[in-house]
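Colleague: Okay, predicted coordinates and the sequence, questions at the end:
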Amino acid sequence: MKDFLKTFTAVVLGTALVIMTGFFMIVGSITSMIRMGLGTTTSVIPDRSIMYISFENSVVTQDSDIPTIGFLPLNLNISRGGTGFLSIVRAIEQATDDPSVRMIYLDPQYLNAQMTHIEEIRNALISFRQSGKPVISYAISYSQQAYYLASAADKVILNPDGDITLQGFSLGVNYYKGLMDKLGLEAQVIRHGNYKSGGEPFTASRMGEMERQQMASYLTSCWEHWSSEIDNLRHLKAGTIDSLCSVTFLTEASKAKEIGLVDELWHKDEMISYLSSIYNGLPESKLPLISLENYISYREMHKRRIPGNKIALVYATGDIAMGKGMGQIFAESFADQLRQYRNDSTVKAVVVYIESAGGDPLAAGIIARELQLTAANKPVTVSMGDIAASGGYWIACAAHKIYVHPSTLTGSIGVYSLLFNGEKGFSDVLRIRNETVDTHPFSHIVSWYHRKSERELQIIRQQVESTYNRFVNTVANNRHMERSKAESLADGRVWSGKEAIVNGLADHQGGLSDAVRAAADMAGLTDYRIVTFPKPFRLMEMIGRPVRKASAGINTVIQGQIQDLLGEGGILARLPFDEKAISW
């Protein structure tokens, strides 16, 4: 009966979610098709053209034509469509040397992207500007993300009725001890690392002092970088942005102009008139505008011959887990692919982009081993996104060179095990009593119906210690440092990218495009093409898929939501949160 109810509930929930998701996918697909049908393509780039960059389409890790489903919550982790940040960066880099592109017109009104993705696009805009070509930004209002990007422009323009939001950074983590007590659930945590906070949300009612200190240090480091970058490029007195955020989070247009946050207060028609004046009074309809998307398509369609030499770009995003599959970092799938790249003579170098809070240490070790073997054979570089910590760093440390942004959260070299006891909840709340019959003292170790004994905890503690030592040794060996040095940087502590370069956990400040260039230089390549893994997920791939597989995917989402609340069992090399917990 119990199994029937579980199965019945899963089927009902799964079917409902499949129907809802399917409906919104169809709506999104139709919208995308209409947009594509109404959109224009170009067979030629206008002479002295203006590249127009807006962010109505999402900025994502990999290019994808899957429609963005704005109706559904982000925590369902349903793939978003959009333009990959590397494609945007490479297009700006190509436009820098393209004589047919005269300037960039930036519209960051709807920008919503990861912190490091914005950083990389911003750096590309700065290089474009330094080449002697102007960048102009216009928006009705600027969010904090949008303004940080816009500060790279020569001229920042705001609508006279608009405003700029600058509020600083924040991190929010839920603590479930009160709920656990109410439900009669108990969490038992074993960890190595004074700063390793994994499991703490289930054993404490509030953030521990050491966790608060390290996260405050990290956020302060990130904010110092962002605020000083804005001060410098806007030629403001040092500390202007920081002081502004201490007294308000919203700056109206006239005040923004007075402070120097913007150069002009123009309505949209005035912005168009300005562009027209640059082209000797050309009317709006004749302005040589080319969208970023059309520029990318044009460059793709007019490629010269396809080079034989390849650089493999591996996107390692999500939780690290054992098994095979897509959607996160599955050890066997990634290890198999790395082995193929290692044995492929046409692949001259491997670049790994890591966006992961960690996961299963065994899985991380398997991938790190394959990456280490590959690094003995050909150049390997790593680019870190917003978060590349714990198990994510375990993988990264095998590379020859590690590139980080100042705001990257990395390190967290530590391990923990999280176990749950629901005996009181089942008994007092649900009135369920469980009786066990065992053949051995530890036969019921996986049961939620009993508290782990001291002997059981001791066995798990030994596993945690063993895994931690393996982690530290891997870091020491791969980063060519004394074990004592690696130990001093471990203890579960997180570091910003800026700090990681200083302490030796990373090598250079830069992004994915820098990591690709470095790999090419190390391999002696000037002419190459990039092959990616996993392949970008395309809308057409979803057509014809059996419903059974779709519902299985939805059931996995449901299980994922439960795991997000209750945590995962076993030994973990993972942060207790991901990039969604941080508000930029």
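Modeller: Sure thing, it's come through. Numbering: from 1, shown residues only.

Colleague: I'd say Thr240 and Ile259 touch.
Modeller: Yes. Between Thr240 and Ile259 there is a contact under Cβ atoms under 8 Å: 7.0 Å. C-beta coordinates here come from the backbone N, C-alpha and C atoms, glycine included.

Colleague: who has more neighbours, these two?
Modeller: Neighbours were counted for Thr240 and for Ile259 using other Cβ atoms under 10 Å; Thr240 has more, 18 against 15.

Colleague: Apart from its chain neighbours, what residue comes closest to the more buried one?
Modeller: Once flanking residues are discounted, Thr240 sits nearest to Asp231: 5.5 Å by Cβ to Cβ, 6 or more residues apart in numbering.

Colleague: The one you found: which element?
Modeller: helix 209-233 (DSSP states H and E).

Colleague: cool, and Val502?
Modeller: Counting by DSSP H and E, Val502 is part of helix 497-503.

Colleague: Which residues belonging to that helix are considered buried?
Modeller: Buried residues in helix 497-503, defined by neighbour count with 16 or more other Cβ atoms under 10 Å: 497-501.

Colleague: quick check, nearest of those residues to Val415?
Modeller: Distance to Val415 across the buried residues of helix 497-503 (Cβ to Cβ) is lowest for Ala500, with 19.4 Å.

Colleague: How much space separates that closest one from Arg191?
Modeller: 22 Å (Cβ to Cβ, to the nearest Å).

Colleague: Report how many residues lie close to Val429.
Modeller: If you count neighbours by other Cβ under 10 Å, Val429 ends up with 13.

Colleague: Touching, it and Met180? I think so.
Modeller: No. Counting by Cβ under 8 Å, Val429 stays clear of Met180, with 11.6 Å between them.

Colleague: what's in contact with stretch 227-236?
Modeller: Residues outside stretch 227-236 that contact it (Cβ atoms under 8 Å, 6 or more residues apart in numbering) are 126, 147-148, 151-152, 156, 237-242, 245, 259-261.

Colleague: and for stretch 468-480, what are the contacting residues?
Modeller: So stretch 468-480 is contacted by 192-193, 361, 365, 368, 372, 393-394, 397-398, 413-415, 481-483, 485-487, 489-490, 504-505, 573 (Cβ under 8 Å, 6+ apart).

Colleague: Check which residues of it are buried.
Modeller: Buried-residue list, stretch 468-480, by 16+ other Cβ under 10 Å: 468, 470-472, 474-476, 478-479.

Colleague: Tell me the one of those residues nearest Ala312?
Modeller: Distance to Ala312 across those (Cβ to Cβ) is lowest for Asn478, with 19.4 Å.

Colleague: the helices in the stretch 1-150 of the chain, which residues?
Modeller: With helices called from DSSP state H, counting those that start in this stretch, the stretch 1-150 of the chain shows them at 2-38, 85-96, 115-130, 144-150.

Colleague: Mean pLDDT lowest where, among the ones you listed?
Modeller: Among the helices of the stretch 1-150 of the chain, helix 2-38 carries the lowest mean pLDDT, a mean of 45.

Colleague: coming back round to it: show me which pair in the contacts of stretch 227-236 is furthest apart.
Modeller: Using Cβ to Cβ, the contacts of stretch 227-236 reach their maximum pairwise distance at Ile126 and Cys245, which is 22.8 Å.

Colleague: picking that back up, mark which of the buried residues of stretch 468-480 are part of helices, please.
Modeller: Counting by DSSP state H, those place 468, 470-472, 474-476, 478 in helices.

Colleague: could you list every residue that touches the residue nearest to Ile121 when sequence neighbours are not counted?
Modeller: Leaving aside its sequence neighbours, Ile121 sits nearest to Ile88 (Cβ to Cβ, 6+ apart; 5.5 Å). Counting by Cβ under 8 Å, 6+ apart, Ile88 touches 53, 59, 121, 124, 292.

Colleague: picking that back up, and the angle from the helix holding Asp231 to helix 115-130?
Modeller: 20 degrees (axes from the mean of the first three to the mean of the last three Cα atoms, to 10 degrees).
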